[in-house]
Each structure stands twice: as structure tokens, then as C-alpha cells.
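**Student:** coordinates for the following, if possible.
(chains A and B)
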Amino acid sequence: SQQGEEDPQALSIQEGENATMNCSYKTSINNLQWYRQNSGRGLVHLILIRSNEREKHSGRLRVTLDTSKKSSSLLITASRAADTASYFCATDATTDKLIFGTGTRLQVFP
Amino acid sequence: GAVVSQHPSRVICKSGTSVKIECRSLDFQATTMFWYRQFPKQSLMLMATSNEGSKATYEQGVEKDKFLINHASLTLSTLTVTSAHPEDSSFYICSARRLGGDEAFFGQGTRLTVV
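**Tutor:** Numbering: from 1, shown residues only, chains lettered A, B, ... in the order given. Prediction:
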């Protein structure tokens, strides 16, 4: 399977804590993207990091990329209950297709 | 941001019938759209790439006669689940990108239940 893997599969934290999710993938990529999905809904794009970038920030989100290890991490700082959702990494190789990781279900307790 | 609209959001159908799901890009043209399937608490699995004006490209293991894709215009792709069976029950999501863009915009998804 081309699909990447994410860990942890599930993560429960308290509001105010940081949440870190990791993604590993298998092929060379042009970029890696992170998406959020609320239960039973479509996906929302969060952040994109290109293969020649190592770190990127957007608000409370910080993404790192290590192409030598074929891995990425998403850090959400100062989490809120509204951050409760599933988070997916998706890799964009040369085929123009987005291949999604297995996802991390994040639960933030108030 | 760009909007992709998917319809219907929910559908229940009887075994043996066919169901059509529409995916529209509302404010941009999309020569390529993508159809995904998602089982409960699992990730999105790419089913096929819908190409405007030509045949869709199916991923390995996806039956093209079962999941008919038509991309007749630059703003509309349809997925028809033919002769649906209970095992086809799933959440189907489409996505599209602006020409030359990296970010994918997703429809709201369609929850199909076959009874």
C-alpha cells in the first residue's frame, strides 16, 4: 500500500497542552500537507510544507519535515477543545494525487 | 477559499440500485478531480482520478464497472455506484485543485447506506 502511517492513532490531552502527531511516508514527495476532519465531514487544509523546507509555522501549528527519514510532524500548541478532530497527513508526489496517512484522532478535554 | 460542493450529503438506497454522487467546483475550473472512500474511523483511500473529457484512472483494486466516473465539464464530476450492495456502504469524498495549485479542496462528503 502507498499509504503513509501516522502515530499515535489516538491522542487525548487537556486544553492548553500541546499535541504532536507524526507521519511517515514511503515515496519521494513534492510536498506534504496536513488536513483536519471533523467527524463525518469533509477535510480542511491546514498547512503545506514543500520537500525543500524543514519547518513551517501557521498560527498555533508547527510542521516539520525530514525527507531523509521520510517523516513529518504536526504540533498544535495550546490546544483547545475545538481542536478535537482527526488529523491526516497527505503526500503529494509527482503523480498529482494526494495519498493520505492513517490519521490521528485527537481529543482535547476542556 | 475555493469551494467544492458535493451532493447528496446522505443517501440510503436498496441493494441492486444505482446511486449517483455529484462533485462540483464552484469558483474554479478543475480538469482533474479525485474520489476517495472512507470507512468509519479509517483514512481516505483514493479510488480514482477523474479527468475532464477522458476516462478516469482507477486505483488498483477498484472496480471501474462498479464505480462509474464521468467528468463531462470543467466543474462537475460524478461517481455512480452501480448495483449497490451493503458492502458499498461508506463515506465517499471528492476533491479538486485549482490548476497549478497544491492545496486540495474537499466536498462535504456523501454517506451512502445500502440496505
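
**Student:** could you list the low-pLDDT ranges of the chain?
**Tutor:** I went with chain A, as the question did not name one. Low-confidence segments of chain A, defined by pLDDT under 70: A:1-2, A:94-95.

**Student:** wait, chain B
**Tutor:** Looking at chain B by pLDDT under 70, you get B:1-2.

**Student:** what residue of it is the furthest out?
**Tutor:** B:Gly100 (21.0 Å; CA atoms, centre = their mean).

**Student:** surely B:Tyr92 touches B:Lys20?
**Tutor:** No - look at B:Tyr92 against B:Lys20 with CB atoms under 8 Å: they stay out of range, at 11.1 Å. For every residue, glycine as well, the C-beta is placed using N, CA and C.

**Student:** more crowded one of those two?
**Tutor:** Shown here are B:Tyr92 and B:Lys20; by other CB atoms under 10 Å in any protein chain shown, B:Tyr92 has more neighbours (24 against 15).

**Student:** joint contacts of B:Tyr92 and B:Lys20?
**Tutor:** Residues touching both B:Tyr92 and B:Lys20 (CB atoms under 8 Å, 6 or more residues apart in numbering or on different chains): B:Leu79.

**Student:** what does chain B put close to chain A?
**Tutor:** B:4, B:6, B:32, B:34, B:36, B:41-46, B:49, B:91, B:93, B:95, B:102-109, B:111 (CB under 8 Å from any CB of the partner chain).

**Student:** mind listing what residue 15 touches?
**Tutor:** In the absence of a named chain, this looks at chain A. A:Glu15 sits next to A:Ser79, A:Arg80, A:Ala81, A:Val108, A:Phe109, A:Pro110 when contact means CB under 8 Å, 6+ apart.

**Student:** switch to chain B, that's the one I care about
**Tutor:** Contacts of B:Ser15 by CB under 8 Å, 6+ apart are B:Ala84, B:His85, B:Pro86, B:Val114, B:Val115.

**Student:** next up, phi/psi of it, please.
**Tutor:** Geometry field for B:Ser15 lists phi and psi as phi -60, psi 140, criterion degrees, to the nearest 10.

**Student:** B:Trp35 versus that one, what's the distance?
**Tutor:** 22 Å (CB to CB, to the nearest Å).

**Student:** shouldn't B:Gly100 be within a helix?
**Tutor:** No - applying DSSP: H, G, I helix; E, B strand; the rest coil, one finds B:Gly100 to be coil, outside a helix.

**Student:** is it true that A:Leu74 touches A:Leu61?
**Tutor:** Yes - counting by CB under 8 Å, A:Leu61 is a contact partner of A:Leu74 at 6.7 Å.

**Student:** between those two, which has more neighbouring residues?
**Tutor:** A:Leu74 (25 against 15).

**Student:** relative to the whole chain's centre, how far out is the helix or strand containing the more buried one?
**Tutor:** Using DSSP states H and E, A:Leu74 sits within strand A:71-76. Strand A:71-76 sits 6 Å away from the centroid of its parent chain (CA atoms, centre = their mean, to the nearest Å).
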